[in-house]
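*Asks:* this one's sequence-less:
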């Protein structure tokens, strides 16, 4: 995926997801991850559930999705009010917010960097992530901060961001890694 826009992510979903899953399946992994937070939210939670089931049926490999892993983690933390920080443009931010709201969560604020080139998302610095997290929280009183996007190097910044706030901070990669490990253990 080159473009982090609705069109770019739709192209990834329609043209590349199933061929990539087929190719990855030849390595016979225990678990496969549909690894795009915003694309998982793009067409709604029912589509994301269908997509992971379809990947599993086509490959025979247990599949987890990022957005579902995030939503499940938030449920286990028993919080309702959150803020979200992303590298995305507003159109994708709206999709992420809707996915979370469809689970009954209150998204107090979603703040993005407006990046449309996927490669540039991976270039965001820790300092920029810290500043984004501060802007996202702003004057709100959330119960959780979610750092969204698997290409976003937020996992490297988790400790520093967590030091800033008295509530949990999660990232797409951290939560999905946990979900993938649990899925692999279930197969074990």
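*Replies:* The structure has been received and is ready for your questions. Everything numeric here is computed off the predicted structure, so don't read it as measured data.

*Asks:* On the three-state scheme, residue 111 is what?
*Replies:* When classified by DSSP: H, G, I helix; E, B strand; the rest coil, residue 111 comes out as strand.

*Asks:* from here on, count from 882
*Replies:* From this message on, residue numbering opens at 882, which makes the last subject residue 992.

*Asks:* residues near it, how many?
*Replies:* 19 (other C-beta atoms under 10 Å). Quick note: C-beta positions are derived from backbone N, CA and C, even for glycine.

*Asks:* next one: residue 1002
*Replies:* Around residue 1002 there are 19 residues (other C-beta under 10 Å).

*Asks:* So it is in contact with residue 995, correct?
*Replies:* No - using C-beta atoms under 8 Å, residue 1002 makes no contact with residue 995, being 10.9 Å away.

*Asks:* what comes up buried for stretch 911-921?
*Replies:* Residues of stretch 911-921 classed as buried by neighbour count (16 or more other C-beta atoms under 10 Å): 912-921.

*Asks:* Just the residues you listed: which are in strands?
*Replies:* Those of the buried residues of stretch 911-921 mapping onto strands are 912-915, per DSSP state E.

*Asks:* Save the residues you listed as TSV, and put in pLDDT and distance to residue 1044 too.
*Replies:* Converted to TSV, these look like this (pLDDT from 0 to 100; distance: C-beta to C-beta, whole Å):
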residue	pLDDT	distance to residue 1044
912	97	31
913	97	34
914	97	28
915	96	31
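
*Asks:* quick check, nearest of the residues you listed to residue 937?
*Replies:* Comparing those against residue 937 with C-beta to C-beta places residue 913 closest, at 8.1 Å.

*Asks:* what residues are up against the closest one?
*Replies:* Counting by C-beta atoms under 8 Å, 6 or more residues apart in numbering, residue 913 touches 902, 905-906, 936, 940, 942-945.

*Asks:* Also residue 897?
*Replies:* residue 882.

*Asks:* and residue 969, how far is that from residue 954?
*Replies:* Using C-beta to C-beta, to the nearest Å, we find residue 969 at a distance of 19 Å from residue 954.

*Asks:* I meant residue 971, not that one.
*Replies:* As for residue 971, its distance to residue 954 is 24 Å (criterion: C-beta to C-beta).

*Asks:* Residue 957: how many residues sit nearby?
*Replies:* 9.

*Asks:* any weak-confidence spans in the protein?
*Replies:* Applying pLDDT under 70 to the chain picks out residues 1069.

*Asks:* do that again at 90, thanks
*Replies:* Residues of the chain meeting the criterion pLDDT under 90: 882-883, 1067-1069.

*Asks:* Break it down into its structural domains.
*Replies:* As assigned by automatic domain parsing, the chain contains the domains 887-948+1056-1068, 949-1053.
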